[in-house]
Each structure stands twice: as structure tokens, then as C-alpha cells.
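A.B. asks: Next one to model:
(one chain, ligands or ions: 2)
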Amino acid sequence: MIENLNLISEGKAKSLYETSETSELLMVYRDDTSAFDGKKKEALKGKGEINNKFNAFIMEYLANNGVETHFLKLIQENKSLVRKLDMLPVECVVRNIATGSLCRRLGVEEGIKFEDPLFEFFLKDDDLGDPLINDNHITAFGWGTEQEISKMKEITFKINHLLCELFKKVGLILVDYKVEYGRSNGSLMLGDEFTPDGCRIWDAETGESLDKDRFRKDLGDVVESYQIVAHKLGISL
Ligand code: ATP
Ligand code: TYD
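C.D. replies: Ligands and ions are numbered 1, 2, ... in the order given. Predicted coordinates:
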């Protein structure tokens, strides 16, 4: 029973609980949806369940293709067990097509396709608006080591290669995404989630957004769009 578990953190979209196993956490995907560093918020019915199942599918796909992740198992509609990690306070973003904050920051045209995907680090700090940082900031402030930076880049690009292919096969374009890493017994692995909340996915034919941009831009049918993507990928909901 979840009531008996100790809540250790309540983020904007997920809650984490301790379990009887000290090395494992219960991750609860809530319907809460937020954008603009928490300034826009709404509960979207059914989103927690879709994201939990979406994430389980992607994490298992990545693990089967040699990416070590914290995911252990899906245990209920909106709950999964994960390995407890010591999270690095940075977000790794890969972009295949220019949009979002990149265009606002640099004044570049939307839609430029990168032959070599672009990698960016952001500091996980909502109060500061998750500022862009570079490798030197990470080592200077002790947020991670040089080795960890190399590993984060290597794994994040590998994920990009694997998921671009997977999405392409079903008529979807992976535009950009954010992933996070943490340490377990000294080694770094993929943590947090991979869901339409943290990436941009476009329909290859129509260019329609099927991700959290629908919420950011008030386009409607947010959960329905996540369902379309899940359906195309063969995820049973
Ligand atoms: P954001 O939406 O910007 O990621 P948040 O912190 O509000 O911010 P949530 O998804 O609600 O995000 O919360 C999940 C929290 O759990 C994040 O702080 C994330 O770094 C942390 N986390 C993810 N996986 C693990 C793990 N395996 N062990 C410990 N903490 C984790
Ligand atoms: P980005 O374009 O930097 O941000 P914005 O959503 O403000 O335009 O985001 C790039 C991708 O990374 C996008 O798919 C959303 C995801 N992302 C998050 O999910 N959380 C974050 O804190 C950041 C920085 C990015």
C-alpha cells in the first residue's frame, strides 16, 4: 500500500517513494502537467498512466540495445520500480531540428535540420529557469566529472540514434529531447523518464506536434496525441 511508503520527493510530474529495498524506489507518474518552469500547470486525465507505460517501453527498448537504465519494472498502471540513483543536477538535451528555446536564444530559424545532432547541458534549477551551461561549469562546480560528461554525451547520442530509427519506422520524427543521469555504485546510468513530456515528436507527413508542445501552445488533445504516438510504436495502453 502506497500510504505506508515514505515519500521522498514530489516533482512537477512524478512522486518518488522509498520501498522495503533500500536500493529501489517507487516512481509514481501523476497526471500533473507543467510548462515554463512550473508557471503553467494542469492535471490531464490519463497522462500519468500513458507516460508510465510509454517510459517502460522506451527504457526496455534502450536496455535491450545496450543502454544501462534505472528502470526495473512496471508494477501498476501509473507506477514503476526503479533503481535509486544519485542524480546529477544537469539535463542533457539533444536536438535534431531547431525549435523551442534554441531559436528564442539564438534568433535562428525554426526547422533547421542538423546533420550532426546538437548537444546542450542545462542546470536543473527551476528558480533560475534551467539555464544553459557548458562542460566547464559542470566540472568547476563539482556537478560531475570529465569522465561523467563524456559518458553522458556518448549515451545520449546513442539513445538519439536508437530512438530516431525506432520513431522513423512508424512515421514519426524525434525532434529533440531531454534525459537525465544518476550514479549507482559509482557508475552512471540513465534515470528519470523518456516520455512525450520531455521530448518533441512530429508526425513525419503532417508535421503535427504529438508531444507536450500541444500543452505549451494550447493546441488541445494532449493526452490523445500521446496515445497516437504510443499506438504507432505498438505500446499497449
Ligand atoms: P522536471 O520536470 O524539470 O524534470 P521535476 O524535478 O519537477 O522537474 P519530476 O519528473 O516530477 O520532475 O520528478 C522526478 C524527480 O526524480 C527529478 O528530480 C529526477 O531528477 C528524480 N529522479 C529520476 N529518477 C531517479 C532515480 N532513479 N533516483 C532518484 N531520483 C530520480
Ligand atoms: P527546449 O527547447 O530547450 O525548451 P522549451 O521547451 O522551453 O522550448 O527543450 C528541448 C527539449 O528538451 C524539449 O523536447 C523539452 C525537453 N526539456 C525538458 O523536458 N525539460 C527541461 O527542463 C529542458 C531544458 C528541456
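A.B. asks: Tell me the pLDDT of the residue of the chain at minimum distance from ligand 2.
C.D. replies: In the chain, the residue that lies nearest ligand 2 is Gly100 (2.4 Å; C-beta to the nearest ligand atom). Yep, even glycine has a C-beta here, placed from its N, CA and C like the rest. Per-residue confidence (pLDDT) for Gly100: 97.
A.B. asks: right, and it touches Ser209 too?
C.D. replies: No - with contacts counted by C-beta atoms under 8 Å, Gly100 stays clear of Ser209, the gap being 10.9 Å.
A.B. asks: Name the residues contacting each of the two.
C.D. replies: Arg200 (C-beta atoms under 8 Å, 6 or more residues apart in numbering).
A.B. asks: out of these two, which sits in the busier spot?
C.D. replies: Between Gly100 and Ser209, Ser209 has the larger neighbour count (other C-beta atoms under 10 Å), namely 21 against 16.
A.B. asks: Show me what the more buried one bridges to in the sheet.
C.D. replies: For Ser209, the beta-bridge partners are Trp202 (DSSP bridges).
A.B. asks: for the residue of the chain closest to ligand 2, what are its contacts?
C.D. replies: Counted by C-beta under 8 Å, 6+ apart, Gly100 has contacts Asp176, Arg200.
A.B. asks: Same check on Ile133?
C.D. replies: Val90, Phe121, Phe122, Leu123.
A.B. asks: Ramachandran angles for it?
C.D. replies: phi -130, psi 170 (degrees, to the nearest 10).
A.B. asks: ok, back up a step: from the contacts of Ile133, which two are the most distant?
C.D. replies: For these, the farthest-apart pair by C-beta to C-beta is Phe121 and Leu123; their separation is 7.6 Å.
A.B. asks: Please identify every residue contacting each of these two.
C.D. replies: Common neighbours of Phe121 and Leu123 (C-beta under 8 Å, 6+ apart) are Val90, Glu91, Ile133, His137.
A.B. asks: element containing the second one?
C.D. replies: Same thing as Glu91. Element membership of Glu91, judged by DSSP states H and E, is strand 90-97.
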